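Visitor: sequence unknown, structure follows:
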């Protein structure tokens, strides 16, 4: 089973604060994704990447930066956090060449911006 | 505008009953669909994928796909309380793009 880990699991910050969410996958998957999940909106894609140094824009990128430093590690950066970014954040990875193109999700990070 | 629409928003079925969930895309370029299941407090996990017209069955779960209408449905027979979860439909726009668009989900409750 693919393994995706996220840290921290919970984070509270203040408006204007800097936040970095971390994600690591240990399955040599080429694609990694950052989503946010909010009641009434479902899962929405923020950014994704198909390899180290690559970044693709998702559907709700405003206010977020991301960086893929290695095959395993993908970071989401909120440089001036706002209350509207309070959400549950999921990281996922997939081997796009695989048979089912399944995305494997991490456990999630709950972020609260006061 | 949500490109992947799911219905109903919520569904209650008795234990042992049949649950039917629907998903439609408004993007004519969609080619592949997935169904994910998310239990309360957990992360989404892929349940089934369907890429071709027709039907696919895995145990108590059956998915249908009509590519002409961009409609997929998930049917759960002999529903169990452990099936209670949020069911998310995801679609991919055709081509080499590995980006998925998720619907808002259907919350299924199975009552014993």
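Guide: That came in fine, so what should we check first? Bear in mind that the values here come from a model prediction, so they are computed numbers and not experimental data.
Visitor: What spatial separation is found between the residue most central in space within chain A and residue B:104?
Guide: Nearest to the mean C-alpha position of chain A, by Cα atoms, centre = their mean, lies residue A:34 at 2.6 Å. Residue A:34 sits 19 Å away from residue B:104, going by Cβ to Cβ, to the nearest Å. C-beta here means a position set from N, CA and C on the backbone, and glycine is covered the same way.
Visitor: What about the closest residue to residue A:19 other than its chain neighbours, how many residues nearby?
Guide: Nearest non-adjacent residue to residue A:19, counting by Cβ to Cβ, 6 or more residues apart in numbering or on different chains: residue A:78, 4.3 Å away. Neighbour count of residue A:78, defined by other Cβ atoms under 10 Å in any protein chain shown: 20.
Visitor: how about the residues of chain B near chain A?
Guide: Counting by Cβ under 8 Å from any Cβ of the partner chain, chain B comes close to chain A at B:2, B:32, B:34, B:42-46, B:49, B:88, B:92, B:98-105.
Visitor: give me that answer again for 10 Å
Guide: Counting by Cβ under 10 Å from any Cβ of the partner chain, the residues of chain B close to chain A are B:2-4, B:6, B:9, B:32, B:34, B:36, B:38, B:41-46, B:48-49, B:51, B:86, B:88-90, B:92, B:96-105.
Visitor: Of those, just the buried ones, PyMOL syntax please.
Guide: A single PyMOL command selects the buried members of the residues of chain B next to chain A (16 or more other Cβ atoms under 10 Å in any protein chain shown):
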select buried, chain B and resi 3+4+6+32+34+36+38+43+44+45+46+48+49+86+88+89+90+92+98+100+101+102+103+104+105
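Visitor: taking the residues of chain B next to chain A one by one, which sit in strands?
Guide: Among the residues of chain B next to chain A, the ones falling in strands (DSSP state E) are B:4, B:6, B:32, B:34, B:36, B:38, B:45-46, B:48-49, B:86, B:88-90, B:92, B:100-102.
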